[in-house]
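Asks: Next input, structure requested:
(chains A and B)
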Amino acid sequence: MAKTPKPNELIQIDLTPPSRDWEDPTVEFRPGTWNYAADPETLKYLDLPNPRKWQVSDEDWQLPENWQQIIMEGFKDRLQRFRSFKVFMDVCVRCGACADKCHYYIGSGDPKNMPVLRAELLRSVYRNDFTAMGKVFGKMAGGRELTVDVLKEWFYYFYQCTECRRCSVFCPYGIDTAEITMMAREMMNLIGLSIEWILTPASNCFRTGNHLGIQPHGFADSIEFAVEELEEVTGVKVDAPMNKKGAEILFVAPSADYFASPHYYTLLGYLALFHEIGLDYTWSSYASEGGNFGLFHSNEMMKRLNSKIYAEAKRLGVKWILGGECGHMWRVLNQYMDTMNGPADFLEVPKSPITGTVFENARSTKMVHVTEFTSDLIKHGKLKLDPSRNDHWRVTFHDSCNPARAMGLFEEPRYVIKNVANNFFEMPENTIREQTFCCGSGAGLGTDENMEMRMRGGLPRANAVKYVHDKHDVNVLCCICAIDKATLPPLLEYWVPGVEVCGIHELLGNALVMKGENDRSTDLRGTPIAEEADPTEEAVGESGTTKEGAKDE
Amino acid sequence: MKLVLSVLAIIVLALVPWVGVSTMGLHTVFGVVLPYLAIAIFLVGFVWRILDWARSPVPFRIPTTCGQQKSHSWIKQDKVENPHSFWSTVGRMLLEVLFFRSLFRNTKAGIKDGPRLVYDSSKWLWALGMAFHYSFLVVFLRHFKYFAEPTPDWVLGLQWVDNFFQVGLPVIYLTDVLLIGAVSLLFIRRLWSPQVRYISLASDYFPLLLILGVAVSGVWMRYFAKTDILAVKQLGTGLISFSPVGADVLSGIGAVFFIHLFLVCCLFIYFPFSKLMHLGGVFLSPTRNLANNSRMKRHINPWNPEVKVHTYDEYEEEFRDVMKAAGLPVEKE
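Replies: Predicted structure coming up:
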């Protein structure tokens, strides 16, 4: 594993591009900036083309003999199937508005991480082979031949894009680099170039129902373990039905929620909430993953993995589906699921059994986001909440890329947070809501071998956290994404030590007053809840003396 | 190199009609044949490009949402930045097309000591873009006076507004100044900003210079090298009524006019094959022209592929024993 440079070394970023022409393809696969190649066995299990043993750092990638032809046919095919791709190949005027909007460019200064140039890596080949201008004027018209070096450049830079869509917010034509990256990755898949961290979770999910490859008994164990843990903390024994036919609601969360930390505390929050309102719901071991690493691979893989959710809802005979805290999961659910695997005509329009609210915005897909559900409960006064139980937290909220820019879920999570915590501070406005910055590790790039790029890509997010940490003593970053919860802790440890990461339903679980509960002397993490806040302590908050006080385990 | 090529191309293009008219007497070619050809290529090319884009389907609804979604009645939806209905999507598109909404958001990122990342508001590109596009539009529309006799009232009105400040003689059109100023600044920006220069291709310099050439040659005629306006108007009305004037009228018009006209023809011919097609493309961008309603309304992907899935039955077949041991219900005992 490459040694990650220290923050003071890494921050020496020069945003001035080199004098050399960008059109000369040059990539140096420096350790710490790329992801391992996928195992050929995984490709075989998923029936994917051209499986073979190769590694990114190899000089020879063992490309199939006719690889250029395969890519060109794949290119043409995608131009014919996706208007987005075709329009985005043609309309860019290279105004440069997107250039400094990418977290990877800001954090690395590598000009090919400017969204415009990332796209130009494809566009140059497109111009060369698919446009009249390129065919006549070739290089003069900005055309480039597809060579092995160009391909290696594709691989390097299209696995340095987290498909966060921030650039597309600023583009006057709405050119979405996520879309371009997806196309590039699909084309590279055709010749067997995929990465381990995307394909292994995808194949796990295909087989066992979740990315982590947890088999049904492991799944049941961890949910049961969480039930016990919750009882220890709250004194309340909750029920967590699994694979239960005839339940009203199927609940689907990202698998990290029941297997990773700090996700786990969010799981405890869900369990407490559903018990307290007496929700008739079920977990499923078959559809035990809301996330979808297929999204980072190809639209077909996304469909293959996503199909389980409706299939399971149908088998169990539920009325509608509730989805947990996860970012890219919600991109798939909001923008793709119904089109790919619908119609969900065997389900009913979602209606909260507690408040009677009909979720009109999910009328067709029949899947509701848990913060939509919970905010409705709070609005109707159905929950007894004691936000002072979160007084040891000074909270800021990170809008995860996909719920922000592929959904527009801004107020629901904030409404919940403000009702369950007393100390809430927003990060600067250019770093939240639709302008939010990625964790730097999304779209399948959250690996240890890619740590340097992750720290670079996460710099803008971490730096905004640092701002509220310094100014308001913020000590926890709340978010609604499983990848965030996995990758922000090391990022913050690196750039802003002293800030933890949590989910919204963890904070909700802390604040939720349950019938028959014990004295609740600790929060869901087992950390003692601070006594009534001492006003003098609050006053010295700015100097940073209180920020660590309450939550050391 | 890319810049040199573009400058050379413009010089050559300006010389072609000069030579053609003043030494070879090809007035009819440059005054009649080429304009018809250019307009034909532009119209056919433009329509073909739009149809070509439209031929590719939009399989998925992928709007970029830049505001609050429609959810609870008590949460205010941002209808413009996150539309869910047809008309609010039209509103979003109008803001985008007429006012360059997304470009208005522009910021400039910088790293200060601390380290502290800052994002300063940066509206220059937006302002130049607006000035350029709108002044170009007005200049274009003003030219209708050369194609209709008598000059339509709306053109006279436009001229009146454009002459509002009554400076100079002949009175200087505001849009002439704006157009040349904005194009020049956009060009300078391409060279000045290291990032933008790095990403610029010959096909970025060329159209700017071409438009600058069109504008400068036009301005030159109006303010310096006086041209026989009546003859030009005869040419224009003749062209539009498909009864073009003869060489006798054309030979009375100065060479600068033919340079101007030729560069305009080049722009029309170049248009459909270039990035200038963003004029049409902006309307077809799926991240902007679609409503964020994919949970409310099912959208159809015309090529929705059959894919191999792992069914519940296959899953239970593989894991039945451990499922039973863990107390999970199974379909088949």
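
Asks: quick one: contacts for residue A:142?
Replies: Counting by CB atoms under 8 Å, 6 or more residues apart in numbering or on different chains, residue A:142 makes contact with A:23, A:120, A:123, A:124, A:127, A:134, B:201, B:202, B:203. For every residue, glycine as well, the C-beta is placed using N, CA and C.

Asks: can you tell me which of those lies nearest to residue A:491?
Replies: Each of these was scored against residue A:491 by CB to CB, and residue A:120 proved nearest at 28.7 Å.

Asks: Do the helix or strand where the closest one lies and chain B come into contact?
Replies: Assigned by DSSP states H and E, residue A:120 belongs to helix A:115-130. Yes. For helix A:115-130, a contact with chain B is found by CB under 8 Å from any CB of the partner chain, at A:116, A:117, A:120.

Asks: same deal with stretch A:227-242?
Replies: Yes. Stretch A:227-242 comes into contact with chain B (CB under 8 Å from any CB), by way of residue A:242.

Asks: End to end on that stretch, go ahead and measure it.
Replies: Stretch A:227-242 has an end-to-end distance of 12 Å (criterion: CA to CA, to the nearest Å).

Asks: who touches that stretch?
Replies: A:219-220, A:223-224, A:226, A:247, A:268, A:271-272, A:274-275, A:281-285, A:514-518, A:520, A:522-524, A:526, B:328.

Asks: thinking again about what came up before, neighbour-wise, which of the residues of helix A:115-130 next to chain B leads?
Replies: residue A:116 (27 neighbours; other CB atoms under 10 Å in any protein chain shown).

Asks: Please report the distance of that residue from residue A:405.
Replies: 18 Å (CB to CB, to the nearest Å).

Asks: what about the strands in the chain?
Replies: Went with chain A since none was named. Counting by DSSP state E, chain A has these strands, from start to end: A:249-252, A:281-282, A:320-323, A:367-369, A:395-398, A:476-479, A:500-503.

Asks: hm, I was asking about chain B
Replies: Using DSSP E, strands in chain B cover B:107-112, B:116-121.

Asks: before we move on, the earlier item: check the offset of the helix holding residue A:120 from the chain's centre.
Replies: 27 Å (CA atoms, centre = their mean, to the nearest Å).

Asks: Please put the alpha-carbon coordinates of it into PDB.
Replies: Extracted C-alpha coordinates of helix A:115-130, given in PDB (Å, rounded to 0.1, in the frame of the first residue of the first chain):
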ATOM      1  CA  PRO A 115     -14.600  18.000 -16.000                       C
ATOM      2  CA  VAL A 116     -14.300  19.600 -19.400                       C
ATOM      3  CA  LEU A 117     -11.000  17.800 -20.000                       C
ATOM      4  CA  ARG A 118     -12.200  14.500 -18.500                       C
ATOM      5  CA  ALA A 119     -15.000  14.600 -21.100                       C
ATOM      6  CA  GLU A 120     -12.500  15.700 -23.800                       C
ATOM      7  CA  LEU A 121     -10.700  12.500 -23.300                       C
ATOM      8  CA  LEU A 122     -13.700  10.800 -24.900                       C
ATOM      9  CA  ARG A 123     -14.700  13.700 -27.100                       C
ATOM     10  CA  SER A 124     -11.300  13.800 -28.900                       C
ATOM     11  CA  VAL A 125     -11.800  10.200 -29.900                       C
ATOM     12  CA  TYR A 126     -15.400  10.900 -30.800                       C
ATOM     13  CA  ARG A 127     -14.400  13.800 -33.000                       C
ATOM     14  CA  ASN A 128     -11.800  11.700 -34.700                       C
ATOM     15  CA  ASP A 129     -14.000   8.800 -35.600                       C
ATOM     16  CA  PHE A 130     -17.600  10.100 -35.600                       C
END
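
Asks: Can you name every helix or strand that it contacts?
Replies: helix A:67-81, helix A:83-90, helix A:132-137, helix A:148-158, helix A:177-190, helix B:194-199 (3 or more CB pairs under 8 Å, 6 or more residues apart in numbering or on different chains; DSSP states H and E).

Asks: Of those, which shows the lowest average pLDDT?
Replies: Of all the helices and strands packed on helix A:115-130, mean pLDDT reaches its minimum on helix A:132-137 (a mean of 90).

Asks: What are the buried residues along it?
Replies: By 16 or more other CB atoms under 10 Å in any protein chain shown, the buried positions in helix A:132-137 come out as A:133, A:134, A:137.

Asks: is it true that residue A:472 touches residue A:425?
Replies: Yes. Look at residue A:472 against residue A:425 with CB atoms under 8 Å: they come within range, at 4.3 Å.

Asks: what do the two both touch?
Replies: A:394, A:396.

Asks: okay, these two: which has more neighbours?
Replies: Shown here are residue A:472 and residue A:425; by other CB under 10 Å, residue A:472 has more neighbours (19 against 15).

Asks: Quick check: that one vs residue A:395, distance?
Replies: 10 Å.

Asks: And residue A:283, by the same measure?
Replies: 28 Å.

Asks: swap in residue A:465?
Replies: In terms of CB to CB, residue A:465 sits 11 Å off from residue A:395.

Asks: Those residues of the stretch 351-500 of chain A touching chain B, which are they?
Replies: Residues of the stretch 351-500 of chain A lying near chain B (CB under 8 Å from any CB): A:357, A:359-365, A:367, A:372, A:375-376, A:379, A:404-412, A:415, A:428, A:430-431, A:434-435, A:459-460, A:463-464, A:467.

Asks: Kindly recompute the last result at 6 Å.
Replies: Neighbours of chain B within the stretch 351-500 of chain A, by CB under 6 Å from any CB of the partner chain: A:361-365, A:372, A:405, A:407-408, A:410-411, A:430, A:434, A:460, A:463.

Asks: Just the buried ones from these?
Replies: A:361-362, A:364-365, A:372, A:405, A:407-408, A:410-411, A:430, A:434, A:460, A:463.

Asks: Return the helix or strand in chain A with minimum mean pLDDT.
Replies: helix A:535-539 (a mean of 43; mean pLDDT, DSSP states H and E).
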